[in-house]
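Visitor: predicted model and sequence below, questions to follow.
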Amino acid sequence: MIVVFYAFAREIAPFKRRQRTCTPLALDGLHGFRTEIDGKQFAVIGHGIGRRRAAETARRAFDLIAGAELVIGTGVVGALSSGLKPGDLILADRVLTLNADGGIDERVTVMSDARVRACGRSLASAGISYSTGAILTSHRVLASGIEKRRAKEGTGAIAVDMESAGIAAEAAARGLPFVAIRAVLDEVDDEVVGAEMADEDGNVRPLAATSYLLRNPATMLKLPRMMRNLSRATAAIADALTAIAHEGKDPAATKHAAAKKRPR
């Protein structure tokens, strides 16, 4: 059993479309789906946006699902390193936490070297490039290039999200192996626009979106690029999960340039 967590439906949609059969998760209080790939059972679970919701969902999932051999946190991240582009994959070797005061919590979750190497081999065998480094989990969106560069300087992390640390902590408490495999949505100097238009499940709130766009009409010009970046990122997530499911042997996985690790 492999348990995969994601924040909102668009992140996992390309992966779900590739499956021949999907069945509802059918677990009280959880939403998502089940599928089988190459003899491996997958439970794919949505948790919404934010560390608290991710942790609560993971805790409930681990109570209800027995026999998890691997836990994967996936979804989109913001780049903190200047070399990362939309659609680039991050295979985290550790997860850091940025607290509400903007400081770094002492809690650091280090990924199992063996698990990271195994996932890396699957990606490389499928011809998928990736970067390895720390992911920073923030309590809020880091919207500007200044904020993201400051986070990079203060933590050494190469990407930022809002959920990985919550899932990692719950997995560690159960002794379950955890890896974070995420795809870049925005570059380090890209401004993150319209975060307030979505609710905690990642769904657009019509009234909030209308209000935001009326106050920020220039955002309309940025939305097409953002959607293209989201398509690149979610396709990369689907490629990565497919490669891991087939241990790098899936002929349908997208063939990228020769796999290599970028310097941190």
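Guide: Nice, thanks for sending it over.

Visitor: distance of Tyr130 from Ala61?
Guide: 26 Å (C-beta to C-beta, to the nearest Å). To be clear about C-beta, it is placed using only N, CA and C from the backbone, and glycine gets the same treatment.

Visitor: whoops, I mixed them up, Val76
Guide: From Val76 to Ala61 the distance is 21 Å (C-beta to C-beta).

Visitor: and if you look at Val160?
Guide: 24 Å.

Visitor: so for those two, which residue has more residues nearby?
Guide: Val160 (27 against 23; other C-beta atoms under 10 Å).

Visitor: I'd assumed the more buried one was in a strand, is it?
Guide: Yes: judged by DSSP: H, G, I helix; E, B strand; the rest coil, Val160 forms part of a strand.

Visitor: I figured it hits Arg149, correct?
Guide: No: shown here, Val160 and Arg149 do not form a contact pair, counting by C-beta atoms under 8 Å, at 11.2 Å.

Visitor: okay, and the common contacts of those two?
Guide: Here Val160 and Arg149 have Leu80 as joint contacts, going by C-beta atoms under 8 Å, 6 or more residues apart in numbering.

Visitor: how about low-confidence regions in the chain?
Guide: 99-107, 192-224, 250-264 (pLDDT under 70).

Visitor: which helix is the longest one in it?
Guide: helix 219-245 (DSSP state H).

Visitor: that one: how far from the chain's middle?
Guide: 11 Å (C-alpha atoms, centre = their mean, to the nearest Å).

Visitor: and whichever strand or helix holds Asp93, what does it pack onto?
Guide: If you go by DSSP states H and E, Asp93 is part of strand 89-98. Here strand 89-98 touches strand 109-110, helix 113-125, strand 131-138, helix 145-155, strand 159-161, helix 164-174, strand 178-186, helix 219-245, going by 3 or more C-beta pairs under 8 Å, 6 or more residues apart in numbering; DSSP states H and E.

Visitor: repeat that with 7 Å
Guide: strand 109-110, helix 113-125, strand 131-138, helix 164-174, strand 178-186 (3 or more C-beta pairs under 7 Å, 6 or more residues apart in numbering; DSSP states H and E).

Visitor: can you mark which positions in it are buried?
Guide: 89-98 (16 or more other C-beta atoms under 10 Å).

Visitor: cool, stretch 31-50 as well?
Guide: 32-35, 37, 42-50.

Visitor: return the member of the residues you listed nearest to Ala243.
Guide: Ile37 (10.6 Å; C-beta to C-beta).

Visitor: mind listing what the closest one touches?
Guide: Shown in contact with Ile37 (C-beta atoms under 7 Å, 6 or more residues apart in numbering): 245-246.

Visitor: cutoff 10 Å now
Guide: 2, 15, 18-20, 241-242, 244-246, 250 (C-beta atoms under 10 Å, 6 or more residues apart in numbering).

Visitor: before we move on, back to that, between the buried residues of strand 89-98, which sits nearest Ala235?
Guide: Looking across the buried residues of strand 89-98 and measuring by C-beta to C-beta, the closest to Ala235 is Leu89, at 10.7 Å.

Visitor: tell me the spacing between the closest residue to that closest one other than its chain neighbours and Arg10.
Guide: Computed as C-beta to C-beta, 6 or more residues apart in numbering, the closest residue to Leu89 that is not its neighbour in sequence is Tyr130, at 4.1 Å. Remark: distance between Tyr130 and Arg10 (C-beta to C-beta) = 21 Å.

Visitor: got it, and Arg174?
Guide: Distance from Arg174 to Arg10, by C-beta to C-beta: 28 Å.

Visitor: neighbour count: the two, which is higher?
Guide: More neighbours surround Arg10 than the other of Arg174 and Arg10, with 17 against 13 (other C-beta under 10 Å).

Visitor: these two touch, right, that one and Ala235?
Guide: No: with contact defined as C-beta atoms under 10 Å, Arg10 does not reach Ala235; the gap is 11.4 Å.

Visitor: that older thread, with just CA atoms, put the strand holding Asp93 into CSV.
Guide: Provided in CSV are the C-alpha atoms of strand 89-98 (Å, rounded to 0.1, in the frame of the first residue of the first chain):
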residue,chain,number,x,y,z
LEU,A,89,10.6,18.2,-9.9
ILE,A,90,11.9,18.3,-6.3
LEU,A,91,12.7,15.1,-4.4
ALA,A,92,13.2,16.4,-0.8
ASP,A,93,15.9,15.1,1.4
ARG,A,94,14.6,17.0,4.4
VAL,A,95,11.6,19.2,5.4
LEU,A,96,12.0,22.4,7.5
THR,A,97,9.3,24.5,9.1
LEU,A,98,8.8,28.3,8.9
